[in-house]
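Q: got a structure for you, letters missing:
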């Protein structure tokens, strides 16, 4: 008897972990069954029964709980109803089912994009011999209408026709292509949004942007949950995802008629711009032509040395007059000033129309009268770039 007791004790010690585990599992099962029978009872057959979702951590009894969850018990002909509990069993990590990526791209399920550098012709029929009626350009998105042998019937914008399936991608592949070729922007929903150097609230603030600012999403940056990598005016960083609206900019196909109209409109706009530029140039030249030598000289002095000391302003006027008198340049003030690549004359008409500053006008009078603060120099540039006589920020030589 003692030996048998010793045997039982040894067996228990050897299998104590297993026995205790099974005991706890049996207890858990008993509790679950008791709750099932006592908590799910309803007094009237017509009463609506609700179910509750429960997450159960993985154990070796998961199969048992799954079986219990599907039970629905009735007591003979009685009106008592025992409702089943809606139990979700959470499996171990290795048993978890990966989410179906197609669920994320449902809106792209019927979308088509051309995998080309420029455009793919849209034809009137599913044949390479049929008429070209439009273009599905890189970045354009179309809706798939029907599938033929090697052809897709599509709709995009005002274009409705057929494209070769050999050069197209659909569904998830179309979405992934769009991510590569289309620009994505993040528009700020709040004022004072901080762009940070890293995807962390502890990182440094690079820039603060106002509400409604459109930031370019940096698709090459590391993807961090809860953050969006953006670029703004050369500054690259991260913003909190909850404060921006991210949108991808895609295009629509264009018909040949729309393309022709757009081309004509662009040509007309270019013609009008050219005419406007010519008219402005003529008006500017008219202003310049009407100016006398004093005004011309004062204007170029203001443009080249308007913020210099007075001696420096006279020096610029002296350079102009030294060239006029040298015989190596044009013998008129206008000819010297407007010689190609010599002086900054783009603002001449504006300065003349507004009138040069008084100091520049006086400097022009002095230079015309023969005052030369440069000692006969015919050139000048920023000080430090060449040896010569330095006056203010210029060196004369």
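A: Perfect, I can see it now. Just so you know, these numbers come straight off a predicted model, no measurement behind them. Numbers count the residues shown, from 1 in each chain.
Q: model confidence for residue 103, exactly?
A: The predicted structure scores residue 103 at 52 on the pLDDT scale.
Q: ignore the last one, residue 384
A: pLDDT recorded at residue 384 is 88.
Q: mind listing what it touches?
A: Contact partners of residue 384, counting by Cβ atoms under 8 Å, 6 or more residues apart in numbering, are residue 395. Glycine gets a C-beta too; all of them are placed from N, C-alpha and C.
Q: part of a helix, is it?
A: No: per DSSP: H, G, I helix; E, B strand; the rest coil, residue 384 lies outside any helix segment and is coil.
Q: let's number from 21 now, not from 1
A: Understood, numbering begins at 21; the last thing we discussed is residue 404.
Q: hmm, who's touching the helix or strand hosting residue 248?
A: Here residue 248 sits within strand 247-252, counting by DSSP states H and E. Residues outside strand 247-252 that contact it (Cβ under 8 Å, 6+ apart): 206, 215, 219, 227, 229, 233, 235-239, 241-243, 256-261, 264, 266.
Q: can you do 7 Å?
A: 206, 215, 219, 227, 229, 235-238, 241, 257-261, 264, 266 (Cβ atoms under 7 Å, 6 or more residues apart in numbering).
Q: could you list the low-confidence segments of the protein?
A: Low-confidence segments of the chain, defined by pLDDT under 70: 21-125.
Q: next SSE after the strand holding residue 248?
A: Strand 247-252 is succeeded, C-terminally, by strand 255-260 (DSSP H and E).
Q: give the next helix or strand downstream of that following strand.
A: Next along from strand 255-260, by DSSP H and E: strand 264-269.
Q: could you list the domains of the chain?
A: Per automatic domain parsing, the structural domains of the chain span 22-115, 203-269, 311-416.
Q: partners of the strand holding residue 248, with directions?
A: Next to strand 247-252 in the sheet, as set by DSSP bridges, lie strand 234-237 (antiparallel), strand 255-260 (antiparallel).
Q: okay, those in JSON lines with distance to residue 334 and mean neighbour count next?
A: Shown next, in JSON lines, are these (distance: least, Cβ to Cβ, whole Å; neighbours: other Cβ atoms under 10 Å):
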{"stretch": "strand 234-237", "distance to residue 334": "51", "mean neighbour count": "19"}
{"stretch": "strand 255-260", "distance to residue 334": "45", "mean neighbour count": "19"}
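Q: could the ones you listed be laid out in JSON lines, adding distance to residue 411?
A: Output for the strands paired with strand 247-252, formatted as JSON lines (distance: least, Cβ to Cβ, whole Å):
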{"stretch": "strand 234-237", "distance to residue 411": "48"}
{"stretch": "strand 255-260", "distance to residue 411": "41"}
